[in-house]
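K.L.:
Quick check, what structure comes out for this input:
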Amino acid sequence: MSQSYVFDSNILIYHLGDSLDAVAKRQLASAIVQGSYVSIITRIEILGWQGHTPHSRDQTKELLSYFTEIPLNEAIANLCIRLRATQRLKLPDAVIAATALYLGLPLMTANVSDFKGIFGLQVINPFEGEVFH
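P.N.:
Residues are numbered from 1 along each chain as shown. Below you'll find the predicted structure:
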């Protein structure tokens, strides 16, 4: 069953590096067709990488164009503050998790441990087929 997701930066980085297996590639393609999302933090993280060539930067911009980017707003900021006050989360992870909570969508990430224990957040690892709540 296809659905929309919020994508963590690492999944897009793995895609750009051609490190996704066939199952994860199909999941990504299906999620794009369904209409999926990234946080503003994801754009900053993956376009801000210093190792980009002009070609890889263009590829990254093209990939990001398939997602709806969610800006930081008051509701996401408040969720992020709550998460940071109660969880040991890095600020970028807190913003990405807060974005998924705000949209009520699962978060797709390979770094499941970064998001474990966040009440109400469904986390999916496309490499393992794991789903955590």
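K.L.:
L89 contacts A97, correct?
P.N.:
Yes: at 6.8 Å, L89 counts as touching A97 under the criterion of CB atoms under 8 Å. Bear in mind the C-beta positions are built from the backbone N, C-alpha and C, glycine included.
K.L.:
Strands of the chain, start to end?
P.N.:
In the chain, the strands defined using DSSP state E lie at 6-7, 37-39, 68-70, 107-108, 123-125, 130-132.
K.L.:
Tabulate the ones you listed in TSV, adding columns for mean pLDDT.
P.N.:
Shown next, in TSV, are the strands of the chain (pLDDT from 0 to 100):
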stretch	mean pLDDT
strand 6-7	96
strand 37-39	97
strand 68-70	97
strand 107-108	95
strand 123-125	92
strand 130-132	50
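K.L.:
looking at the ones you listed, which is buried most?
P.N.:
For the strands of the chain, the largest average neighbour count (mean count of other CB atoms under 10 Å) is found in strand 6-7, namely a mean of 28.
K.L.:
could you say what helices and strands that strand packs with?
P.N.:
strand 37-39, helix 91-103, strand 107-108 (3 or more CB pairs under 8 Å, 6 or more residues apart in numbering; DSSP states H and E).
K.L.:
Against which helices or strands is the second one packed?
P.N.:
Put plainly, it is helix 91-103. Checking 3+ CB pairs under 8 Å, 6+ apart, helix 91-103 ends up next to strand 6-7, strand 37-39, helix 40-47, strand 68-70, helix 74-86, strand 107-108.
K.L.:
closest to L20 out of the helices and strands packed on strand 6-7?
P.N.:
Nearest to L20, of all those, is strand 107-108, at 11.1 Å by CB to CB.
K.L.:
Please identify the pairing partners of the closest one and their relative orientation?
P.N.:
strand 6-7 (parallel), strand 123-125 (parallel) (DSSP bridges).
K.L.:
that older thread, let's have the helices and strands packed on helix 91-103 in a markdown table, adding distance to D21.
P.N.:
As requested, these are exported to a markdown table (distance: least, CB to CB, whole Å):
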| stretch | distance to D21 |
| --- | --- |
| strand 6-7 | 16 |
| strand 37-39 | 21 |
| helix 40-47 | 20 |
| strand 68-70 | 26 |
| helix 74-86 | 30 |
| strand 107-108 | 14 |
